[in-house]
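A.B. asks: My questions concern the predicted model and sequence given below.
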Amino acid sequence: MADTDKKKTAGEGAAPLPRHIAIILDGNGRWARKRGLPRTAGHAVGAETFRKIATACKNRGIEYLTVYAFSTENWRRPEDEVGTIMKLLGRYLHEAIDTMERDHIRMKVFGDVHALSPELQALVAKTDEISTRYEGFQANICLNYGGRDEILRAARRYAQDFKAGCAGELTEELFSSYLDSAGIPDPDLLIRPGGEQRISNFLLWQCAYAEFYFTDVLWPDFDEKELDKAIAVYQSRDRRYGRVK
């Protein structure tokens with residue numbers, strides 16, 4: 001997208017684009033059920049939607065996109081559904097590695113990857129290695145991720161370092177460096193498709209000052225037009241961070 005197109009997306013005199021967008025990928029199962037399809041079909045279409053929205057964010061000048069793909073609670077779903085999701089994730093990571101090399105983009109996985117299969121762990125390690133070579137747009141995928149779990153893991157790592165004399169007095173900035181999102185700016189805009197109006201244990205620390213946007217559109221139907229609507233709403237918000245004008 002040309003620079004003029006980016007300006008058009010932002011609007012004349014509008015507030016800046018969000019630097020970091022976070023999205024809860026919700027509604028895949030309901031999308032499939034409405035069409036008489038198995039829930040797994042919805043996840044397949046949802047994965048393709050993620051590809052399109054990631055490209056759209058990159059083209060619009062968004063620097064970071066973080067998506068909630070599989071939570072620590074999602075293991076409770078039926079075994080066949082979990083298996084299908086894991087296969088889709090593996091396929092996506094294989095394809096993403098080729099895309100990262102070709103387009104010089106970065107990708108990072110948030111979450112406790114130790115519970116994933118050895119194959120998925122190896123793919124995650126490969127994406128981490130590729131990401132060190134490039135600058136620019138970065139997509140973050142949350143796998144086996146929960147906001148509370150992330151905070152607990154960070155607290156344990158800090159405690160170990162403090163006990164070993166490797167960490168000083170705890171501050172917000174220092175604690176943030178122990179989170180999965182270390183070095184990445186907090187989300188400016190959190191989008192949740194699917195009609196639910198909660199954040200479901202997603203980026204609890206990082207979304208302290210994010211703007212929330214909820215829509216009834218199911219994730220597989222979420223397209224560039226819906227993305228632009230969410231960005232426009234974000235640009236209309238008055239972000240004061242506790243201050244007054």
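C.D. replies: Here it is on my side, so go on.
A.B. asks: Bridged to residue 107, which residues?
C.D. replies: For residue 107, the beta-bridge partners under DSSP bridges are residue 139.
A.B. asks: so what's it up against?
C.D. replies: Listed by CB atoms under 8 Å, 6 or more residues apart in numbering, the contact partners of residue 107 are 96, 100, 127, 130-131, 138-141. Every C-beta, even on glycine, is put in place using the N, C-alpha and C of the backbone.
A.B. asks: Name the nearest of the residues you listed relative to residue 232.
C.D. replies: residue 139 (22.2 Å; CB to CB).
A.B. asks: Now for the closest one: which residues touch it?
C.D. replies: So residue 139 contacts 54, 64-67, 96, 105-108 (CB under 8 Å, 6+ apart).
A.B. asks: Most neighbours among those residues, please name it.
C.D. replies: With neighbours taken as other CB atoms under 10 Å, the top of the contacts of residue 139 is residue 66, carrying 26 neighbours.
A.B. asks: For the helix or strand hosting that one, what is the distance to the chain centroid?
C.D. replies: Assigned by DSSP states H and E, residue 66 belongs to strand 64-71. Distance of strand 64-71 from the chain centroid (CA atoms, centre = their mean, to the nearest Å) equals 3 Å.
A.B. asks: Ok, stretch 105-125 next?
C.D. replies: 14 Å.
A.B. asks: Only alpha carbons, please: show that stretch as CSV.
C.D. replies: What follows is stretch 105-125, C-alpha atoms only, in CSV (Å, rounded to 0.1, in the frame of the first residue of the first chain):
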residue,chain,number,x,y,z
ILE,A,105,9.1,-10.0,8.6
ARG,A,106,9.3,-11.1,12.2
MET,A,107,7.2,-13.5,14.2
LYS,A,108,7.3,-14.4,17.9
VAL,A,109,5.3,-16.9,19.9
PHE,A,110,4.0,-15.9,23.3
GLY,A,111,3.1,-18.7,25.9
ASP,A,112,4.5,-21.8,27.5
VAL,A,113,5.7,-23.7,24.4
HIS,A,114,7.0,-26.6,26.5
ALA,A,115,3.5,-28.1,26.4
LEU,A,116,3.6,-28.2,22.6
SER,A,117,4.8,-31.1,20.5
PRO,A,118,8.6,-31.3,19.7
GLU,A,119,7.8,-30.5,16.1
LEU,A,120,6.0,-27.3,17.0
GLN,A,121,8.7,-26.3,19.5
ALA,A,122,11.3,-26.7,16.7
LEU,A,123,9.2,-24.5,14.4
VAL,A,124,8.9,-21.9,17.1
ALA,A,125,12.6,-21.9,17.6
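A.B. asks: Using the three-state scheme, assign residue 42.
C.D. replies: Three-state call for residue 42 (DSSP: H, G, I helix; E, B strand; the rest coil): helix.
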